[in-house]
Structures are given as structure tokens and as C-alpha cells.
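this one's structure only:
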């Protein structure tokens with residue numbers, strides 16, 4: 001059990017030390033039915049499944065109908081007011097796993113006839129970039145908060161184990177003291193018993209003589 005706690009704590013310490021700030025970049029990616037302009041955010045401390053689940057929730061909060069096909073999430077007719085006012089847009093999203101465990105969330109915004117880009121839709125693009133940055137930061141913070149909760153739980157269990165060990169050590173020492181007292185009493189009892197045995201043997205020898213004398217008296221009158 002102690003080995004399990006140590007392994008878990010070591011893993012959590014590695015996660016904390018390896019945590020990095022998410023970054024958002026503009027790239028041309030294979031998404032939305034072709035090679036299109038997209039935003040790519042690197043997210044740490046999360047799985048692809050949790051990231052796509054979180055993004056799906058946000059899209060639904062923005063009135064989109066969301067479905068997934070061939071590993072790509074499609075949000076139909078999303079209304080993201082901070083980006084495009086009351087106008088609808090289609091949003092495509094997919095993930096890629098990095099070599100160091102990080103996940104890239106790739107998102108393309110189809111504004112209707114054109115995919116969002118910094119050159120053609122500067123204001124909308126900046127809002128979309130902020131949105132993705134906030135999404136990534138919140139996911140990372142939540143994940144680290146969960147890790148911290150798990151680490152604190154392991155620490156609390158270790159502290160309980162330590163208290164149990166201290167109590168057991170105290171009990172064992174008390175046992176030793178009790179055993180020593182019993183040994184001392186037993187040694188004294190043995191000494192007394194040895195002396196009593198010697199006395200009893202003398203008494204037995206004396207009684208044997210009495211018995212023999214009586215036997216002789218009996219034989220004399222028979």
C-alpha cells in the first residue's frame with residue numbers, strides 16, 4: 001500500500017512540475033472538409049475525450065447542434081455573440097495527441113462562405129482566440145485542481161498511516177515494559193518455587209521415614 005501511495009505522489013509531482021501555459025496559434029489545417037484556416041490551442045493535463053466533451057458543452061451553450069463523424073466534431077449553426085454577434089456559424093473541431101502527453105485542439109470557424117482568419121476577420125478572430133485561450137486555461141486549472149485534491153487525499157492517508165504507526169510503536173513499547181515486569185515477577189516466582197521445592201523434598205524425606213517407622217510397628221504386631 002505504501003508503494004502505491006509513493007507511486008501516486010510521484011506521478012502527481014511530475015504532473016505539477018510539467019504543467020505549462022496553453023498557447024493559441026493560427027494555422028492551415030485539414031478540417032471542415034478540406035485544408036482550411038483554423039486556430040490550434042495546446043492543452044495540458046487533459047485527455048482528448050475530456051477536451052472534446054468540454055468543447056461540445058460550450059457549443060451547445062451557444063445554441064449549436066453538435067455531432068461527431070470520423071473523429072471530427074461539427075457544431076451546426078452556433079451563435080457565439082462575442083465572435084459574430086447574432087449571426088450563425090459552423091464550427092469544426094478535432095484533437096491531436098502530442099508526444100509529451102499534451103493535446104492540440106484544432107478549431108475552424110466557418111462564418112458562411114469563408115473560414116475565419118486574422119487577416120480577413122481581425123476582430124472576430126481575436127475574440128475566437130481569447131475564447132480558446134480561456135477554454136484551455138480553465139480546463140488546465142480544473143485538471144490541476146483535481147490533481148491537487150487527489151494528492152491531498154493521498155497525503156491525508158499517509159498522515160493517518162503515520163499516526164497508526166506511532167500508536168503501534170507506543171503500544172509495542174508498553175507491551176515490552178509489561179513483558180519485562182512479568183519476566184521479573186516470573187523470575188522471582190521461579191526462585192521462590194525452587195526454594196519451596198527444596199523444602200518440600202526435605203519434608204517428603206521426613207514423611208517417608210515416618211511411613212517406614214509405622215510399617216515396622218505394624219510388622220511387629222502382625
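Good, I have the coordinates. This structure is a prediction, so every number in the text was calculated from the model and none was measured.

now the longest helix along the chain: mean pLDDT?
The longest helix of the chain (DSSP state H) is helix 122-221. The predicted model assigns helix 122-221 a mean pLDDT of 95.

that one - contacts with which helices or strands?
helix 2-18, strand 24-31, strand 34-43, helix 48-61, helix 81-84, strand 103-110 (3 or more CB pairs under 8 Å, 6 or more residues apart in numbering; DSSP states H and E). For glycine as for every other residue, the C-beta is placed from the backbone atoms N, C-alpha and C.

got the buried residues for stretch 120-129?
121, 124-125, 127-129 (16 or more other CB atoms under 10 Å).

from those, pick the one nearest residue 115.
residue 121 (9.2 Å; CB to CB).

distance check, the residue minimising distance to the centre of the chain against residue 125.
Compute the mean C-alpha point of the chain, and by CA atoms, centre = their mean the closest residue is residue 150, 4.1 Å away. For residue 150, the distance to residue 125 (CB to CB, to the nearest Å) stands at 38 Å.

can you pull the contacts of the nearest residue to residue 109 once chain neighbours are set aside?
The shortest distance from residue 109 to any non-neighbouring residue, by CB to CB, 6 or more residues apart in numbering, is to residue 116 (4.0 Å). Contacts for residue 116 (CB atoms under 8 Å, 6 or more residues apart in numbering) come out as 37, 39, 83, 108-110, 124-125, 128.

tell me the one of the residues you listed nearest residue 215?
residue 39 (121.2 Å).

what sits against that closest one?
Contacts of residue 39 by CB under 8 Å, 6+ apart are 24-27, 106-109, 116, 128-129, 132.
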